[in-house]
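S.K.: sequence? don't have it. structure:
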């Protein structure tokens, strides 16, 4: 038995309530660190890589230092830059075919979660047959992928350390989730300088996605004392730095702490799953091609309100990690204060808090919840299709 304290909270590890936690912790964090990655890849024996990214990264030349360090180490490379938001299975498969033609021995994803998730798919499709949809679900990737290197340019998805890849099924217009410890990147490179040119709205969407990851993972039915330890630190960092980061993404201190918070939350969700905000966010993204962070954010206050009665003590801990003043409040009132804080934060980040502002129609609710209901298992409060419709109606 082992007790660990954090900010006055005690985490109890016992044999009886043991846990499993999958992670591959090979992380490099420092401003400008991407300039040295070529040497690390060379030491790994990597000689030929595919860089997977999106047109926005190329436009602002965020990949230039990566290209320079690869050239310095005589590592051959080609660039695939067709990744779109909510990456499609067909895009992943096109990138994988390109990688096979080049016979690369590693793939580097540089960009937001879409580029990193696409790189993960390239990695496992290089060594596993079939299409992306064949691997939708948990534990279907059988063969080890080629080395995957993840370089995030947003502080949001935590994909650089997760065992997940969220990909849109082009035919069904739904979000698939490939889940396997095998697709956790072999190397995560966290460089705050890469966030300097991030547009404010993307900074807002991605930052909220990270905070939602941390909170939903903390509240998950699958949470453990170990994941709680990561998630509370993530909530603390993200809550503290999200506003200064949004105000000025070139604030290196804020950007660096947001990257660490996002990474910690990624470790959490990779092991606990997410709740109703992500269940609904995925179908909103698939149905309306809505940015993932935006889709999760717009429903999040209403999901939190729904969940508050299920985990009142954990809402007290969330409030403490967010540094909210709670003197004289009971557990119910503290839960309400957490919900209000999230609602106010969305307002300050100029993120819509109503689906009606995003051209979502009520007529689509029933079809969306039929898909969303398959992803609510980790949510702390038992959820039915009727509950999900009620959440969407309140968010409308």
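M.R.: That came through, no problem. Here the structure is a predicted model, which means the values were calculated and not measured.

S.K.: okay, now the residue lying closest to residue 172 once chain neighbours are set aside: neighbour count?
M.R.: Excluding the flanking residues, the one nearest residue 172 by C-beta to C-beta, 6 or more residues apart in numbering is residue 286, at 7.9 Å. Every C-beta, even on glycine, is put in place using the N, C-alpha and C of the backbone. A total of 21 residues lie near residue 286 under the criterion other C-beta atoms under 10 Å.

S.K.: residues contacting residue 286?
M.R.: For residue 286, the contacting residues are 86, 168, 169, 172, 173, 174, 175, 371, by C-beta atoms under 8 Å, 6 or more residues apart in numbering.

S.K.: now residue 254
M.R.: 241, 244, 245, 248.

S.K.: quick one, strands of the stretch 101-250 of the chain?
M.R.: Ranges of strands in the stretch 101-250 of the chain, per DSSP state E, counting those that start in this stretch, are 106-111, 137-138, 148-152, 164-169, 174-179, 187-190.

S.K.: Of all those, which one is nearest residue 303?
M.R.: With C-beta to C-beta, the closest approach to residue 303 among the strands of the stretch 101-250 of the chain belongs to strand 174-179: 16.9 Å.

S.K.: Give me the neighbour count for the closest residue to residue 282 other than its chain neighbours.
M.R.: Excluding the flanking residues, the one nearest residue 282 by C-beta to C-beta, 6+ apart is residue 175, at 3.9 Å. As a burial measure, residue 175 scores 24 neighbours (other C-beta under 10 Å).

S.K.: Break this structure down into its domains, please.
M.R.: Annotated domains of the chain cover 27-195, 204-395 [automatic domain parsing].

S.K.: Residue 190 pairs with what?
M.R.: residue 29 (DSSP bridges).

S.K.: for it, what are its contacts?
M.R.: Per C-beta under 8 Å, 6+ apart, neighbours of residue 190: 27, 28, 29, 30, 33, 152, 160, 256, 259, 260, 263.

S.K.: Also residue 268?
M.R.: Residue 268 neighbours (C-beta under 8 Å, 6+ apart): 213, 214, 217, 218, 223, 227, 230, 231, 234.

S.K.: how about a cut-off of 6 Å?
M.R.: 217, 227, 230, 231 (C-beta atoms under 6 Å, 6 or more residues apart in numbering).

S.K.: Just put the residues you listed in a markdown table and tack on distance to residue 270, pLDDT and neighbour count.
M.R.: Below are the contacts of residue 268 laid out as a markdown table (distance: C-beta to C-beta, whole Å; pLDDT from 0 to 100; neighbours: other C-beta atoms under 10 Å):
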| residue | distance to residue 270 | pLDDT | neighbour count |
| --- | --- | --- | --- |
| 217 | 9 | 98 | 31 |
| 227 | 9 | 94 | 22 |
| 230 | 10 | 95 | 24 |
| 231 | 12 | 97 | 30 |
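
S.K.: JSON lines please, covering the residues you listed and showing distance to residue 103.
M.R.: Shown next, in JSON lines, are these (distance: C-beta to C-beta, whole Å):
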{"residue": "217", "distance to residue 103": "38"}
{"residue": "227", "distance to residue 103": "39"}
{"residue": "230", "distance to residue 103": "38"}
{"residue": "231", "distance to residue 103": "41"}
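
S.K.: so which of those comes closest to residue 385?
M.R.: Using C-beta to C-beta, these come closest to residue 385 at residue 217, 23.7 Å.

S.K.: so how far is the first residue of stretch 24-33 from its last?
M.R.: With C-alpha to C-alpha, to the nearest Å as the measure, stretch 24-33 spans 19 Å from end to end.

S.K.: What are the buried residues along that stretch?
M.R.: 24, 28, 33 (16 or more other C-beta atoms under 10 Å).

S.K.: And stretch 122-130, by the same measure?
M.R.: Residues 122, 123, 124, 125, 126, 128 are the ones in stretch 122-130 that count as buried (16+ other C-beta under 10 Å).

S.K.: Let's have the contacts of residue 190 in a markdown table, adding distance to residue 314.
M.R.: Output for the contacts of residue 190, formatted as a markdown table (distance: C-beta to C-beta, whole Å):
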| residue | distance to residue 314 |
| --- | --- |
| 27 | 27 |
| 28 | 33 |
| 29 | 28 |
| 30 | 34 |
| 33 | 35 |
| 152 | 28 |
| 160 | 26 |
| 256 | 28 |
| 259 | 25 |
| 260 | 22 |
| 263 | 22 |
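
S.K.: Put together a markdown table for these, with pLDDT on each row.
M.R.: Listed next are those as a markdown table, based on pLDDT from 0 to 100:
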| residue | pLDDT |
| --- | --- |
| 27 | 94 |
| 28 | 95 |
| 29 | 96 |
| 30 | 95 |
| 33 | 96 |
| 152 | 97 |
| 160 | 95 |
| 256 | 97 |
| 259 | 97 |
| 260 | 97 |
| 263 | 96 |
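
S.K.: how much space is there between the residue nearest to residue 131 when sequence neighbours are not counted and residue 137?
M.R.: Distance criterion C-beta to C-beta, 6+ apart; nearest residue to residue 131, sequence neighbours excluded, is residue 93 at 6.2 Å. Per C-beta to C-beta, to the nearest Å, residue 93 is found 18 Å from residue 137.
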